[in-house]
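Asker: A structural model of the following input is requested.
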Amino acid sequence: MTLSSVRIITDDIKRLVNFYEIALGAKFTWFTDDFAELKTSRAALAIGSTRTLAFFGETPIAVPASNRSVIIEFQVDNVDEQYPAVADIAGKDVVQVPTTMPWGNRSLLFRDPDGNLVNLFTPVSQEAQKRFE
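Answerer: Just a heads-up that it's a prediction; the model follows:
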């Protein structure tokens, strides 16, 4: 099995894609005005507008800006180097400045404009680095 992507549904796709492009320092590919995707070596982060939900049926299946249980995580080369850009765009929504966690990752936690929790991390201990080889 392979995890292909995580998709965020939003009311303001342009705002959210712009936020992630700045925070991650990477460009999304736009497939339509309602769908964009950032491919990584392991999976993708997809962002879709609420208009894309109509293709799945009539009943409400996703509610934008209501997540409080999922953390979207990105392994980055150096979380400390990315912190200034994240702090600039996330501002008061930085939850945790870069901190070395007990399991060996250096992590930066922040919320995107829709309130989704995002973790940028860099494995720094030998054990953590081995997990991601």
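Asker: Need phi/psi at T122.
Answerer: Main-chain torsions, T122, degrees, to the nearest 10: phi -130, psi 120.
Asker: from memory it sits against Q82, does it?
Answerer: No. Taking Cβ atoms under 8 Å as the contact criterion, T122 and Q82 are not neighbours in contact, 9.0 Å apart. (Glycine included, C-beta is placed from N, CA and C.)
Asker: what do the two both touch?
Answerer: Counting by Cβ atoms under 8 Å, 6 or more residues apart in numbering, the shared contacts of T122 and Q82 are V76.
Asker: Between those two, which has more neighbouring residues?
Answerer: Each of T122 and Q82 has its neighbours counted (other Cβ atoms under 10 Å); T122 has more, 22 against 19.
Asker: for that one, what are its contacts?
Answerer: T122 makes contact with 75-80, 105-106 under the criterion Cβ under 8 Å, 6+ apart.
Asker: Okay, helices next: where are they in this protein?
Answerer: Taking DSSP state H as the test, the helices found in the chain are 13-24, 79-90, 126-131.
Asker: Deepest-packed of those helices, please.
Answerer: Neighbour counts averaged per stretch over those are highest for helix 13-24, at a mean of 18; criterion: mean count of other Cβ atoms under 10 Å.
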